[in-house]
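Peer 1: generate coordinates for the sequence data below:
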Amino acid sequence: METEKSGSLFALLIGLPIGLAMGTMALSASKFYPFRFLLKLASFKLFWNPMVWTLIAAALALILWKTGKMIAPALEKNDVLKTSFLFTFKVTLRLFLFICAIYFIAVITEWLRIGEAAFLAIVPYSLIAMIIFFSFTAAVVTITGGLAVVQLTKLRLKTPPKTKEQI
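Peer 2: Down below sits the predicted model:
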């Protein structure tokens, strides 16, 4: 139980500030006109509701805590870099699915409000933009925050190095 809490604690202490910083950067990018136009076109305006950002931050904390529990068992089987990638990929995928659910709620409400089927043509482009952003985020966070979380968990667990027989 202590090993699960170590991974979850470090995931929360390191991952939450990184996630909130990435969210703040996304919000600040929306101040520039080209981004503002695309966000309005793609119906991302729901994300600028403070309640939604509070919900996303709470979901991020829960996802980090739950996914952090997999670090200790994964370190027994894999090296630090692979565990970092798996941890970051799972966190990013779960957060992506959560944000996509919010996005689809926004699209459906906007479609019901406007009533134009042409509005739905922007959905694939919006999803492609979100996938590109989350792919970039996963790559950057894997070698920064994810690696720090896994390394600190490994040091906390004092995992002995693998022998030749284990490799």
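
Peer 1: for the rest of this, base every contact and every neighbour count on C-alpha atoms.
Peer 2: OK.

Peer 1: what's the neighbour count on residue 63?
Peer 2: By the criterion of other Cα atoms under 10 Å, residue 63 has 20 neighbours.

Peer 1: now it: how far from residue 86?
Peer 2: Per Cα to Cα, to the nearest Å, residue 63 is found 14 Å from residue 86.

Peer 1: mean confidence score for the strand or helix carrying residue 62?
Peer 2: Using DSSP states H and E, residue 62 sits in helix 50-68. Averaging pLDDT along helix 50-68 gives 86.

Peer 1: by mean pLDDT, flag the weakest helix or strand of the chain.
Peer 2: Here the helix or strand of the chain ranked lowest by mean pLDDT, DSSP states H and E is helix 33-41, holding a mean of 66.

Peer 1: ok, residue 103 to residue 97 distance?
Peer 2: Remark: distance between residue 103 and residue 97 (Cα to Cα) = 10 Å.

Peer 1: neighbour-wise, which of those two wins?
Peer 2: Legend: neighbour count by other Cα under 10 Å for residue 103 and residue 97, higher for residue 103 (21 against 11).

Peer 1: before we move on, what SS does that one have?
Peer 2: The three-state label given to residue 103 by DSSP: H, G, I helix; E, B strand; the rest coil is helix.

Peer 1: just the pLDDT for it.
Peer 2: 79.

Peer 1: just want the angle from the host helix or strand of residue 28 to helix 50-68.
Peer 2: Secondary structure assignment for residue 28, by DSSP H and E: helix 2-29. If you take axes from the mean of the first three to the mean of the last three Cα atoms, to 10 degrees, helix 2-29 sits at 150 degrees to helix 50-68.

Peer 1: buried set for helix 2-29?
Peer 2: 3-12, 14-16, 18-19 (16 or more other Cα atoms under 10 Å).

Peer 1: what average pLDDT does it get?
Peer 2: The average pLDDT within helix 2-29 is 75.

Peer 1: counting contacts, what elements does that helix pack onto?
Peer 2: helix 50-68, helix 71-77, helix 147-157 (3 or more Cα pairs under 8 Å, 6 or more residues apart in numbering; DSSP states H and E).

Peer 1: got those helices as JSON lines, with distance to residue 109 columns?
Peer 2: Converted to JSON lines, the helices and strands packed on helix 2-29 look like this (distance: least, Cα to Cα, whole Å):
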{"stretch": "helix 50-68", "distance to residue 109": "15"}
{"stretch": "helix 71-77", "distance to residue 109": "39"}
{"stretch": "helix 147-157", "distance to residue 109": "38"}
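
Peer 1: and the ones you listed: which comes nearest residue 130?
Peer 2: Comparison of the helices and strands packed on helix 2-29 against residue 130 by Cα to Cα identifies helix 50-68 as nearest, at 15.0 Å.
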